[in-house]
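# with the input below, show me the fold.
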Amino acid sequence: MKRAVPVLVVLAMLLVGSVAAQDKGYEYVVTLKSGITLRGVFIKKEPNGFLVLRNPEKGEITINTTEISFMQREEIPSNAPYALQNSGFESDMSFQIAPGLMIGMADKSESGFQLHASGYYNLNSTVSLGIGMGIERFNEATWLPLYGTLKIQSEGPFMALSMGYTSLIHDEYFLKKGGMMYNAEFGLRFPASAENYFYVSASYRYQRVVSEEMVYALEVDLPANEIYPPVNDYYFSQKFNLHFMVLSLGMIF
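Got it, this is the predicted structure:
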């Protein structure tokens, strides 16, 4: 796992750079069957087959793809209006909130539930970087995860890779400590309005946990059968790797 983390980080950085380079500074030129030509930055493609572009003068343009005769992607001229050069997606920011069911996938991984909230900065229509936090209940303890996320999305499907640290809030039995967490999520978005989406997803979650316990050793006077106060104590510490499958239903707005 330790060797895999740097590799995943490098691959994620390369993927972000590659996708961002594809969309930044480009517009779509659409020629309709009627002969009309429309230009604009790509925003999204609706599930009903309509294409949405943004033009600094006309605003959002919705085009029926069945009416398109020819379409190509061109680099935005350096003298193009500022609004056109800097409007590659619906909004610079987006937010996400979702409850989830955590299903234990290995020994010592007890099922539980979570509620997460995240904020994202949209690099373009495909790639977003975010930070998030949540509250979780599993293994008879309450936890607070804090993490960063790379999200890659298309019209419907999306994937997200998260890495962070989970702290202990409350423990009913043993003294536990949190640890690093990693999460890989795959899901589908469904439009609820022009800018809001419902989504469902399934994730693999890896969590590191340390469990600590103090055990006392007592001296016993056998002839008198008396128990003396503890004279020695022993400190036990165990590290666990917890594995979960997480099913989530949330809202993006």
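
# any idea which helix or strand comes after whichever strand or helix holds Leu188?
Using DSSP states H and E, Leu188 sits within strand 179-191. Following strand 179-191 in sequence order, the next helix or strand is strand 197-217 (DSSP H and E).

# helices and strands around that next one, which ones?
strand 93-104, strand 157-171, strand 175-177, strand 179-191, strand 232-252 (3 or more Cβ pairs under 8 Å, 6 or more residues apart in numbering; DSSP states H and E). Where C-beta positions appear, they are placed from N, C-alpha and C, glycine not excepted.

# parallel or antiparallel, list what pairs with the second one.
Using DSSP bridges, the neighbouring strands of strand 157-171 in the sheet come out as strand 141-153 (antiparallel), strand 179-191 (antiparallel).

# give the contact list for Val210.
Lys176, Lys177, Gly178, Gly179, Ser237, Gln238, Lys239, Phe240 (Cβ atoms under 8 Å, 6 or more residues apart in numbering).

# mind running it again at 10 Å?
Val210 makes contacts with Leu168, Phe174, Leu175, Lys176, Lys177, Gly178, Gly179, Ser237, Gln238, Lys239, Phe240, as judged by Cβ atoms under 10 Å, 6 or more residues apart in numbering.

# now the buried members of these.
When neighbours are counted using 16 or more other Cβ atoms under 10 Å, these contain these buried positions: Leu168, Lys176, Gly178, Gly179, Phe240.

# surely Lys176 is in contact with Gln207?
No. Counting by Cβ atoms under 10 Å, Gln207 is not a contact partner of Lys176; they are 11.2 Å apart.

# what do those two both touch?
When contacts are counted by Cβ under 10 Å, 6+ apart, the set common to Lys176 and Gln207 consists of Asn139, Trp143, Phe240.

# in contact with the first one, which residues?
Residues counted as contacts of Asn139 (Cβ under 10 Å, 6+ apart) are 102, 104, 108-112, 171-174, 176, 207, 209, 211, 240, 242.

# let's see the ChimeraX selection covering just the buried ones among the residues you listed.
If you want just the buried ones from those in ChimeraX, going by 16+ other Cβ under 10 Å, the selection is:
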select :102,104,109,112,171,176,207,209,211,240,242
